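K.L.:
Build me a model:
(one chain, ligands or ions: 1)
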Amino acid sequence: MLVQVVELIEAKRRFAITSHIRPDGDGLGSSLGLYWLLKALGKEPEVIMRDPVPHSYGKLPGAETIRVTPAVDREYDAVFVIECSDITRPGLDELDKQFVVNIDHHATTSLFGTINWIDSTASAVGEMIYNLCKAIGVRPSKEIAECVYTALVTDTGSFHYSNTTERTFKVASELLRAGVKPAKVSQAVFNNYPWSKLELLSQVLPTARHDESGRVACLRQTLAMQERAAASDEDSDGFVNYPMSVGEVEACAFLKETAPGVYRTSLRSKGDVNVARIAEKFGGGGHRNAAGCTLTGDWDETERNIVALLVEAVENRSNGNGDNGASDQPPTHGGNTPTGQLPPTLIRGALNAER
Ligand SMILES: [Mn+2]
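P.N.:
I've put the predicted structure just below:
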């Protein structure tokens with residue numbers, strides 16, 4: 001919890017900070033926010049990551065100091081692990097031998113740290129880093145503020161998602177007072193993509209399909225598409241959101257082939273439709289409205305199965321017998337959503353291996 005984190009920081013000196021593989025805005029913004037906070041306290045922090053900093057986060061203050069390494073290969077008093085569901089998520093060898101501090105805002109995290117500070121009411125870990133500044137008595141510098149703001153604006157989908165709270169805006173307002181220019185951050189993060197992303201999108205978007213009800217959509221990206229567009233792994237970030245911009249669509253799956261027959265899958269939903277439960281069934285996790293997992297198998301069958309699960313999630317919600325946020329029990333099977341039912345057919349053309 002927070003008080004243990006404060007005590008540790010006050011007592012120790014050399015810290016590493018890391019986040020998950022393929023770090024995102026919250027992982028990087030929070031890691032660097034904490035880096036600048038520790039610097040302000042005269043400590044010796046270092047941010048280490050398994051993967052390099054994506055293009056869109058290259059302008060974050062301190063991004064150039066991040067050391068890319070496959071292992072925790074130096075001596076530290078403690079390693080802060082930012083928004084990871086388990087100890088393997090940072091992809092760093094030797095991490096399990098360290099004094100680990102697990103900082104996360106996902107309730108699904110396993111308590112793998114020696115210290116675990118979990119706040120599932122925080123919109124982003126960035127919000128927690130801001131709280132840590134307050135608790136430890138450091139006024140957010142412009143560097144801290146820019147990093148934390150980037151975490152907030154990316155994890156809340158520019159303050160669109162349901163994790164956006166009154167407190168999120170309160171923190172954002174404090175960060176603006178500390179010198180953040182929202183337009184500058186948004187320009188750097190959201191309007192700074194390489195052309196290959198557009199190339200890739202032009203191949204992925206025609207694969208968009210929806211079920212008969214129009215409420216569940218899916219789209220896919222093959223290895224061949226990525227190759228043709230000469231796209232990087234991060235170029236597909238955010239593609240899952242395009243079908244969600246359609247009024248009727250309540251849930252969407254984006255299947256991205258990362259090896260033949262292996263699909264990194266992003267799930268999104270609106271309102272009370274819970275996709276985190278679906279991701280958890282496959283060893284993934286996330287939030288009610290944004291989750292991810294890895295699926296394997298035949299393209300069409302995998303897609304049909306995930307669409308069927310999304311349809312079930314949407315129907316459970318619509319019938320008022322599913323998750324309404326009041327219960328943590330898994331949705332009951334049987335009743336009006338028999339598990340043996342045939343998966344719904346996708347309309348608008350047959351599904352080929354590559355579209
Ligand atoms: Mn986050």
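K.L.:
okay, and the helix or strand of the protein with the least pLDDT?
P.N.:
One helix or strand of the chain scores below all others by mean pLDDT, DSSP states H and E: strand 285-286, with a mean of 84.
K.L.:
From residue 314, how far out is residue 111?
P.N.:
Applying Cβ to Cβ, to the nearest Å, the value for residue 111 to residue 314 is 32 Å. C-beta here means a position set from N, CA and C on the backbone, and glycine is covered the same way.
K.L.:
Now stretch 7-17: buried residues?
P.N.:
8-9, 15-17 (16 or more other Cβ atoms under 10 Å).
K.L.:
ok, now stretch 179-190?
P.N.:
Buried residues in stretch 179-190, counted by 16+ other Cβ under 10 Å: 180, 185-186, 188-189.
K.L.:
now, among these, which is nearest to the ion?
P.N.:
Lowest distance from the ion to the buried residues of stretch 179-190 (Cβ to the ion) belongs to residue 189, with 14.4 Å.
K.L.:
list the contacts for that closest one?
P.N.:
Counting by Cβ atoms under 8 Å, 6 or more residues apart in numbering, residue 189 touches 25, 56-57, 150, 153-154.
K.L.:
The ion next: which of those are close?
P.N.:
By Cβ under 5 Å from the ion, no member of these lies near the ion.
K.L.:
Please identify, among the residues you listed, the one with the most neighbours.
P.N.:
Counting neighbours by other Cβ atoms under 10 Å, residue 150 leads those with 30 neighbours.
K.L.:
Now do that residue, the pLDDT please.
P.N.:
On pLDDT, residue 150 comes in at 98.
K.L.:
List the contacts of the residue in the chain positioned nearest to the ion.
P.N.:
Nearest residue of the chain to the ion: residue 26, at 3.3 Å (Cβ to the ion). Contacts for residue 26 were tallied using Cβ under 8 Å, 6+ apart; they are 82-83, 124-126, 151, 154-155.
K.L.:
Surely it forms part of a strand?
P.N.:
No: remark: residue 26 does not belong to a strand; assigned using DSSP: H, G, I helix; E, B strand; the rest coil, it is helix.
K.L.:
Which pLDDT value belongs to it?
P.N.:
In this model, residue 26 is scored at 97, pLDDT.
K.L.:
what does residue 269 give?
P.N.:
For residue 269, the pLDDT comes out at 96.
K.L.:
And for the one 5 residues further on?
P.N.:
Taken from the predicted model, the pLDDT recorded for residue 274 is 95.
K.L.:
Can you name the residues bridging to residue 71?
P.N.:
For residue 71, the beta-bridge partners under DSSP bridges are residue 93.
K.L.:
ok, it - contacts?
P.N.:
Shown in contact with residue 71 (Cβ under 8 Å, 6+ apart): 92-94.
K.L.:
Please identify which pair of the contacts of residue 26 lies farthest apart.
P.N.:
Maximum pairwise distance among these (Cβ to Cβ): 13.4 Å, between 82 and 154.
K.L.:
Excluding chain neighbours, give the residue nearest to residue 240 in space.
P.N.:
Distance criterion Cβ to Cβ, 6 or more residues apart in numbering; nearest residue to residue 240, sequence neighbours excluded, is residue 254 at 3.7 Å.
K.L.:
hang on, the earlier thing: quick one: which of the contacts of residue 71 is nearest residue 249?
P.N.:
Nearest to residue 249 among those: residue 92, at 37.5 Å, using Cβ to Cβ.
K.L.:
Can you show me the helices along the chain?
P.N.:
Using DSSP state H, the helices of the chain run over 2-11, 25-40, 125-136, 142-155, 166-177, 182-190, 195-204, 223-228, 241-244, 276-281, 299-318.
K.L.:
Same list, these, but as a markdown table with distance to residue 261 please.
P.N.:
Formatted as a markdown table, the helices of the chain follow (distance: least, Cβ to Cβ, whole Å):
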| stretch | distance to residue 261 |
| --- | --- |
| helix 2-11 | 42 |
| helix 25-40 | 28 |
| helix 125-136 | 33 |
| helix 142-155 | 31 |
| helix 166-177 | 40 |
| helix 182-190 | 33 |
| helix 195-204 | 19 |
| helix 223-228 | 10 |
| helix 241-244 | 23 |
| helix 276-281 | 19 |
| helix 299-318 | 8 |
